[in-house]
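Trainee: Sequence first, predicted coordinates after that:
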There are 2 protein chains.
Amino acid sequence: MQGNVRPETMERITTPELAQAFIDEQIKELRSQIGDKKVLLALSGGVDSSVVAALLIKAIGKQLVCVHVNHGLLRKGEPEQVIEVFRNQMDANLIYVDAVDRFLDKLANVPEPEKKRKIIGKEFIDVFTEEAEKLDGIEFLAQGTIYPDILESDGVKAHHNVGGLPEDLQFELVEPVKLLFKDEVRVVGKALGLPDNMVFRQPFPGPGLGVRCLGAITRDRLEAVRESDAILREEFAKNGLEGKVWQYFTAIPDFKSVGVTEGKRTEGWPVILRAVNTKDAMTATVEDVPFKLLQHITERITNEVANVNRVLFDLTPKPCATIEWE
Amino acid sequence: MQGNVRPETMERITTPELAQAFIDEQIKELRSQIGDKKVLLALSGGVDSSVVAALLIKAIGKQLVCVHVNHGLLRKGEPEQVIEVFRNQMDANLIYVDAVDRFLDKLANVPEPEKKRKIIGKEFIDVFTEEAEKLDGIEFLAQGTIYPDILESDGVKAHHNVGGLPEDLQFELVEPVKLLFKDEVRVVGKALGLPDNMVFRQPFPGPGLGVRCLGAITRDRLEAVRESDAILREEFAKNGLEGKVWQYFTAIPDFKSVGVTEGKRTEGWPVILRAVNTKDAMTATVEDVPFKLLQHITERITNEVANVNRVLFDLTPKPCATIEWE
């Protein structure tokens, strides 16, 4: 098993060939570590856990059990893509858990951001633990830990993507990409045949759309966040901004304003557009999105998303704002 | 006294000479209508009431009593300008009523826009009536009714700028600009020597900043609306957008978001910038304000206005939004 320090001699993985060499080596190591035992993985659909899943599928096939928890806070099409890629294309052992009602019921009437995050985190552990307890003979837990996670924890303790598991669920950890930087994980992901929109996915917070449906989450407003986000991503992709802009998303406050449609007074939420660039996530600047494109996105969102009557562009850099709204 | 229909032969007032001819004629008519009696006028500082005040000051001097009610919902510098122009420069008989506490106390904890408007309207009548009752021998009430007000009321009833006065306060109306269109009122205002920022003032709703301090009005948020609005106006003036853009203002929702200043987590309101163009106010398009200017305004507002950590640009045309937010 690897240690937690990246050797100075380790070459940066920048080409398909280097990625393939890494993959071949990991497959050998994983097989020798795991033998004929079973491995459990919480598969979110993010880059890191997807790359770990694809590596393990190559190494040990159906000895890997992937659990995908749909907490209702994922972006449009994401749970479907996890099923399509891992179950249909890679023939993985995938347990899909529809926990949407469970999460949203717990989150109802909770406006405090910190409380929301705690509920989402705890509920995730609970759902994952329940699934783990149904399974027999699991001895390993795979995690998408990457090298910045280790660096950020000062080397003192390993960063656990799935922290907080109960004491009686004692697994040995499997962390095949823990010495890689994010860009290397992407190169490896591509070499493993994962789709581009999974490999080059922009950063997405753990609590997902839950922190973009501002204040107390309601199903209708959450749906409006999901739909408007999908429109923004589609238009950015169509207009050459995907890949160019570091992160972009929509958020909806728990606040309505008046509008008018066909001469009638309406009430609707405003959708906030956020599009920022950053090198280190400590500071961020706002992308100068062409006005014409902003107008087109506004027209689409106000026409296609129910109960929305305004679109706002967030002009604030970090600092003094943060990238997310809560 | 004039009727309520503009004669087809009436020439459009477009030049200082035509304005002067109108002014001379009105002075004669007003003197003959009013004689040595007293006239009361609610002077808001808007174009129409300011022009009527200036006309009456020229015609009857101190027989005119102007009442300026400061309800706390005016823009930065407006009450001061009314005092400077009418009391100091024109030597008018001006009663300045500081009703700020009275209005804001009544408006506390009232989030409903319609209720807010009603409270502001009723309180205004009450304050004005109280002032009127203190005065002796007033026989006339002057109003800044203009021709579109009459057209909009279908000729059936005259539009009363100060509607709702009690029955026992029976005045004869004096409406010297009631046959003029807005552009003519401005030409007349200029000929009367009123300052440009009064004569070319953009439209401002009766309830003032009250409908831009969204939801229940608080003093601190109202102050943030006033300060951010002043910065927006200053920057638009400096950058050649004053006069070019039909209407622009700021609004602040009753909603906070997280931010970060010098590494510390903050909570603040977002300021919404609105800048629209319209021909008829039935539809409106959003001004394409240069991104660099938007960034500069954002920097100023987040630095200079207390408790604000974000700036948003409203991208929505009318329909489906309205120009104002409530």
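Mentor: Okay, I see it.
Trainee: Show residues contacting whichever helix or strand residue A:32 is part of.
Mentor: Secondary-structure assignment from DSSP states H and E places residue A:32 in helix A:16-34. With C-beta atoms under 8 Å, 6 or more residues apart in numbering or on different chains as the test, helix A:16-34 has contacts from A:1-2, A:11-13, A:55-56, A:58-60, A:63, A:140, A:174, A:176, A:180, A:184, A:187-188, A:190-192. Backbone N, C-alpha and C define where each C-beta goes, glycine included.
Trainee: Buried ones in it, by neighbour count?
Mentor: For helix A:16-34, burial by neighbour count (16 or more other C-beta atoms under 10 Å in any protein chain shown) applies to A:18, A:19, A:22, A:23, A:26, A:27, A:30, A:33, A:34.
Trainee: Could you do stretch A:230-249 as well?
Mentor: Those would be A:230-233, A:235-236, A:241-242, A:245-249, for stretch A:230-249 by 16+ other C-beta under 10 Å.
Trainee: Those residues into CSV, with extra columns for pLDDT, secondary structure and distance to residue B:147?
Mentor: Formatted as CSV, the buried residues of stretch A:230-249 follow (pLDDT from 0 to 100; DSSP: H, G, I helix; E, B strand; the rest coil; distance: C-beta to C-beta, whole Å):
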residue, pLDDT, secondary structure, distance to residue B:147
A:230, 98, helix, 50
A:231, 98, helix, 45
A:232, 98, helix, 46
A:233, 97, helix, 51
A:235, 98, helix, 45
A:236, 98, helix, 49
A:241, 96, coil, 49
A:242, 92, strand, 54
A:245, 96, strand, 51
A:246, 94, coil, 55
A:247, 95, strand, 53
A:248, 97, strand, 49
A:249, 98, strand, 50
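Trainee: Which one of those residues is nearest to residue A:300?
Mentor: If you rank the buried residues of stretch A:230-249 by distance to residue A:300 using C-beta to C-beta, residue A:231 comes first, at 5.1 Å.
Trainee: Need the three-state assignment for the closest residue to the closest one other than its chain neighbours.
Mentor: Leaving aside its chain neighbours, residue A:231 sits nearest to residue A:300 (5.1 Å; criterion: C-beta to C-beta, 6 or more residues apart in numbering or on different chains). At residue A:300 the chain is in helix, as set by DSSP: H, G, I helix; E, B strand; the rest coil.
Trainee: can the buried residues of stretch A:230-249 go into JSON lines with extra columns for distance to residue B:132?
Mentor: Converted to JSON lines, the buried residues of stretch A:230-249 look like this (distance: C-beta to C-beta, whole Å):
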{"residue": "A:230", "distance to residue B:132": "59"}
{"residue": "A:231", "distance to residue B:132": "56"}
{"residue": "A:232", "distance to residue B:132": "56"}
{"residue": "A:233", "distance to residue B:132": "61"}
{"residue": "A:235", "distance to residue B:132": "58"}
{"residue": "A:236", "distance to residue B:132": "60"}
{"residue": "A:241", "distance to residue B:132": "61"}
{"residue": "A:242", "distance to residue B:132": "65"}
{"residue": "A:245", "distance to residue B:132": "60"}
{"residue": "A:246", "distance to residue B:132": "62"}
{"residue": "A:247", "distance to residue B:132": "60"}
{"residue": "A:248", "distance to residue B:132": "58"}
{"residue": "A:249", "distance to residue B:132": "56"}
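Trainee: Around the residue nearest to residue A:231, how many other residues sit close by?
Mentor: For residue A:300, the neighbour count with other C-beta atoms under 10 Å in any protein chain shown is 16.
Trainee: was I right about it contacting residue A:230?
Mentor: No - the pair residue A:300 / residue A:230 is not scored as a contact, 10.2 Å apart, by C-beta atoms under 8 Å.
Trainee: what residues do the two have in common as contacts?
Mentor: With C-beta under 8 Å, 6+ apart as the test, residue A:300 and residue A:230 reach no residue in common.
Trainee: rewinding a little: how about the buried residues of helix A:16-34, which pair is most distant?
Mentor: Greatest spatial distance in these: A:18 and A:34, 24.1 Å, computed using C-beta to C-beta.
Trainee: So the most far-flung residue of chain A relative to its centre versus residue A:236, what's the distance?
Mentor: The C-alpha centroid of chain A is most remote from residue A:263, which lies 41.6 Å away (C-alpha atoms, centre = their mean). Going from residue A:263 to residue A:236 by C-beta to C-beta, to the nearest Å gives 34 Å.
Trainee: Residue A:111 now?
Mentor: Taking C-beta to C-beta, one finds residue A:111 at 30 Å from residue A:236.
Trainee: ditto for residue A:270
Mentor: Residue A:270 is 19 Å from residue A:236, by C-beta to C-beta.
Trainee: same check, this time on residue A:88
Mentor: Counting by C-beta to C-beta - residue A:88 and residue A:236 are separated by 27 Å.
Trainee: Residue A:247 too?
Mentor: For residue A:247 relative to residue A:236 (C-beta to C-beta), the value is 11 Å.
Trainee: which residues do these two both contact?
Mentor: residue A:275.
Trainee: Give me the contacts around stretch A:192-210.
Mentor: Contacts of stretch A:192-210 (C-beta under 8 Å, 6+ apart): A:23, A:45-47, A:50-51, A:54-55, A:58, A:71, A:73-75, A:81, A:85, A:107, A:116-117, A:120-121, A:186, A:189-190, A:211, A:217, A:222, A:225-226, A:229, A:243, A:246-248, A:281, A:324.
Trainee: so who does the residue in the stretch 51-200 of chain A that chain B sits nearest to touch?
Mentor: In the stretch 51-200 of chain A, the residue that lies nearest chain B is residue A:113 (7.1 Å; C-beta to the nearest C-beta). By C-beta under 8 Å, 6+ apart, residue A:113 lies in contact with A:211, A:326, B:258.
Trainee: Just the ones of those in helices?
Mentor: Nothing among the contacts of residue A:113 maps onto helices, per DSSP state H.
Trainee: count of residues packed around residue A:219?
Mentor: Using other C-beta under 10 Å, residue A:219 has 13 neighbouring residues.
Trainee: If we ignore the residues flanking it in sequence, what's nearest it?
Mentor: Nearest one to residue A:219, counting by C-beta to C-beta, 6+ apart, is residue A:104 at 6.2 Å.
Trainee: Shouldn't that neighbour be within a helix?
Mentor: Yes - checked against three-state DSSP, residue A:104 lies within a helix.
Trainee: what number of residues lie near it?
Mentor: Residue A:104, neighbours per other C-beta under 10 Å, totals 17.
Trainee: can you dump the C-alpha coordinates of stretch A:52-65 into PDB?
Mentor: Extracted in PDB, the C-alpha atoms of stretch A:52-65 (Å, rounded to 0.1, in the frame of the first residue of the first chain):
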ATOM      1  CA  VAL A  52     -11.900   5.200  -8.600                       C
ATOM      2  CA  ALA A  53     -15.000   3.200  -9.600                       C
ATOM      3  CA  ALA A  54     -13.700   2.800 -13.200                       C
ATOM      4  CA  LEU A  55     -10.300   1.700 -11.900                       C
ATOM      5  CA  LEU A  56     -11.800  -0.900  -9.500                       C
ATOM      6  CA  ILE A  57     -14.200  -2.200 -12.100                       C
ATOM      7  CA  LYS A  58     -11.100  -2.900 -14.400                       C
ATOM      8  CA  ALA A  59      -9.200  -4.500 -11.500                       C
ATOM      9  CA  ILE A  60     -11.800  -6.500  -9.600                       C
ATOM     10  CA  GLY A  61     -15.100  -6.300 -11.600                       C
ATOM     11  CA  LYS A  62     -18.100  -7.300  -9.600                       C
ATOM     12  CA  GLN A  63     -16.200  -7.500  -6.300                       C
ATOM     13  CA  LEU A  64     -16.800  -3.800  -6.300                       C
ATOM     14  CA  VAL A  65     -20.200  -2.700  -5.000                       C
END
